[in-house]
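**Q** the following block contains a protein sequence and its predicted model.
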Amino acid sequence: MGSKQVKGKGKRPGLLRLVTIGLAVAAVVKELRTPPDERTWHGTIAGFVPYEFRVPTLARAKERWWNPEGAHYLGPQVFGVGWTVNVGKVVALVKGRMADD
């Protein structure tokens, strides 16, 4: 009996995963090239992609995942490279549109 592979679930990582890993490595290298007393372990790489390698905190998670008064719908990850959705802002938008109807 042969086993079936689900499309996209093979052993080779996808392009998005490779790009994410590459950006994470570049961010770590950027931090390690910075003098130790100036390292922040958060910032941007490639000019616009945010990274966050500080230990996650509840306050930071809340700020990034649930901030209805925030200015943006996307923000930096709580930990890692890339963006996360500000669910609080999305919920506020939906509630506002529902109230207008």
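**A** Happy to help now that I have it.

**Q** quick one: Thr40 from Arg97, how far?
**A** 38 Å (CB to CB, to the nearest Å). Where C-beta positions appear, they are placed from N, C-alpha and C, glycine not excepted.

**Q** the helix or strand hosting Tyr51 pairs with which strands, and in what direction?
**A** Taking DSSP states H and E as the criterion, the element that holds Tyr51 is strand 49-52. Each strand paired with strand 49-52, and its direction, by DSSP bridges: strand 42-45 (antiparallel), strand 80-81 (antiparallel).

**Q** ranking those strands by burial, who's on top?
**A** strand 80-81 (a mean of 20; mean count of other CB atoms under 10 Å).

**Q** in this structure, what residue spans correspond to helices?
**A** 15-33, 58-65, 87-100 (DSSP state H).

**Q** so which of these comes closest to Ala71?
**A** helix 87-100 (8.4 Å; CB to CB).

**Q** now the angle from the closest one to helix 58-65?
**A** 40 degrees (axes from the mean of the first three to the mean of the last three CA atoms, to 10 degrees).

**Q** got the contact list for helix 87-100?
**A** Outside helix 87-100, the residues that touch it by CB atoms under 8 Å, 6 or more residues apart in numbering are 65-70, 72-73.

**Q** of those, just say which sits nearest to Leu16.
**A** Tyr73 (20.0 Å).

**Q** so where is the protein shaky, pLDDT-wise?
**A** Along the chain, segments meeting pLDDT under 70 span 1-12.

**Q** what's the closest of the helices of the chain to Val81?
**A** Of the helices of the chain, nearest to Val81 by CB to CB is helix 15-33, at 4.7 Å.
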